[in-house]
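Colleague: Sequence plus predicted model, see below.
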Amino acid sequence: VEGGGGELGLAELVNYLRTMRENGLALTARRGGGQRAVRLMTVHKSKGLEFKHVFVKGLVNGHWKERRGPGRLSLPAGVVRFDPVWEESNDEDERRLFFVALTRAKQGVHLTWARRDENGRERLCSGFVEEISERLREHNLIESNIKEEVGRVKGFDRDVDDEWREEQMKAWLLERLENYVMSVTHLNNYLECPLIFYYRNLLRVPMVKNRYMILGTAVHGALKDFYTKYKEEEKLPSKKYLLGKFKKWAESELRDGGCERESILEAGKQILGGYFDCYRDSFKKDVLTEYDFRSHGVRVGDLNLTGRLDLIETGKGGKEANVVDYKTGNPDTAYKYLRAGEKYRRQLAFYKLLGDGSNQFGYEIKTGVIDFIQPSKRTGKYVRKRFEIGEDEVEDLREEIGRVWGDIKSLSFLEPRNWCGECEYCQAKAD
């Protein structure tokens, strides 16, 4: 195996893979070159390709063609796709896939399987192997103790050099930062705790969506569709339309039924239904929805910036714009974020910075609104907060971005002294 600095031995490979596993990183496919390169792929991915030699692994019963028990009479291949007697699919599709694997080879095919699993239980080879003519098969039995082999690999892992691992990780991070683009979400995450930024935005560790995330996504999608229809037809869509769109978006986010599903759907119905009733007479149709600045080339120094704005109210013929950002949380607990320098105000200033730095946008963002879609639990009223976005606020933000970007490039987020010590990632590190 070859790495950026030359060939990797088994110890280095295990070390590299362990580092990726610890940080939740996926293996990215890169086309190798040279005579010593190998290609790892699924059979589906191999369609249309040819190689001198092909190795097909894991050809055990149950994984490739499960053998039928004694006494079962198989129907001829290709007669039906489903066997009504045994209530199972026949193996026609799997047989075709196995044929694809065999025919990728120009000179030889190596079919491999283990005689025993990791627990010592005997394994049978796939029925497809048994169907190959004996004159075409050449058996080669390799005796090996699986537990001993696993122990040997784990031994390499114990001998790994921590300093080498750290150097490899830093090199990979610096490479990743070469094409990094910052959004205000990234910035807010870094300022809350650099470790949050590291895991969520740089490593992009997947997060399980909770009910609040699902609710937020569905609300944003429903309002986008609502405004798009209003702008196209110049007639205010009905509450029924808005709620229908919410249900559609929520259903696309939900994977399981049960009380959680019903709870989310009911919450959206109550929240958006009341929101529509409250603002029925103030919805504007001269708007831009989900406006994306990614292709606008906005920069602060050598850092590219991006952002997708929920709603921009433009008005007819004017050049001034008001940006609206939806919040689906309880406004009673969010007022602290509305103070100057806090994350909601920083978000509005960031949007103005994008607008001012773009040669394509065509509007000047003068004001911003934080629009709480959920009513106050204390008063029962819906809350909208409007702010003038001043030049001083934008300039302060520009300096803050420059400072944070400098910290990111120096990989300061890896230093425990810079962590908050309270977030879920800090807690996980402590454990």
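Modeller: Sure, I can see it. Numbering: from 1, shown residues only.

Colleague: so where's this protein shaky on pLDDT?
Modeller: In the prediction, the chain carries residues with pLDDT under 70 at positions 1-10, 24, 26-36, 65-91, 141-161, 255-259, 316-317.

Colleague: hey, which helix is longest across it?
Modeller: Ranked by residue count, the top helix of the chain under DSSP state H comes out as helix 211-233.

Colleague: Strands along the stretch 101-250 of the chain, start to end?
Modeller: 105-111, 181-182 (DSSP state E, counting those that start in this stretch).

Colleague: what about those, which gets the closest to Leu414?
Modeller: Distance to Leu414, taken as CB to CB, is lowest for strand 181-182 among the strands of the stretch 101-250 of the chain, at 18.1 Å. For every residue, glycine as well, the C-beta is placed using N, CA and C.

Colleague: what packs against the closest one?
Modeller: Helices and strands touching strand 181-182, as assessed by 3 or more CB pairs under 8 Å, 6 or more residues apart in numbering; DSSP states H and E, comprise strand 303-305.

Colleague: Next SSE downstream of the strand it packs on?
Modeller: strand 308-313 (DSSP states H and E).

Colleague: contact partners of that following strand?
Modeller: With CB atoms under 8 Å, 6 or more residues apart in numbering as the test, strand 308-313 has contacts from 220, 223-224, 227, 284, 286-294, 321-326, 351, 354, 363, 365.

Colleague: Direction included, what does it pair up with?
Modeller: Strand pairing for strand 308-313, using DSSP bridges, gives strand 287-292 (antiparallel), strand 320-327 (antiparallel).

Colleague: With mean neighbour count added, can I get the strands of the stretch 101-250 of the chain in a markdown table?
Modeller: Below are the strands of the stretch 101-250 of the chain laid out as a markdown table (neighbours: other CB atoms under 10 Å):
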| stretch | mean neighbour count |
| --- | --- |
| strand 105-111 | 14 |
| strand 181-182 | 18 |
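
Colleague: In JSON lines, list these along with distance to Val205.
Modeller: Below are these laid out as JSON lines (distance: least, CB to CB, whole Å):
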{"stretch": "strand 105-111", "distance to Val205": "37"}
{"stretch": "strand 181-182", "distance to Val205": "18"}
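
Colleague: now for these, which one comes closest to Val208?
Modeller: Per CB to CB, nearest to Val208 of those: strand 181-182, 25.0 Å.

Colleague: Only the buried residues of stretch 273-288, if you could.
Modeller: Within stretch 273-288, the residues that count as buried by 16 or more other CB atoms under 10 Å are Gly274, Tyr275, Phe276, Lys285, Val287, Leu288.

Colleague: I should have written stretch 114-124 there, sorry.
Modeller: Neighbour counts over stretch 114-124 (16+ other CB under 10 Å) mark Ala114 as buried.

Colleague: Comparing the strands paired with strand 308-313, which comes out most buried?
Modeller: Highest mean neighbour count among the strands paired with strand 308-313 (mean count of other CB atoms under 10 Å): strand 320-327, with a mean of 20.

Colleague: right, and the helix or strand after it?
Modeller: Counting by DSSP H and E, what follows strand 320-327 is helix 343-357.

Colleague: So which other helices or strands are in contact with that following helix?
Modeller: Contact here means 3+ CB pairs under 8 Å, 6+ apart; on that basis helix 343-357 packs against helix 184-192, strand 299-300, strand 303-305, strand 320-327, strand 364-372, helix 391-409.
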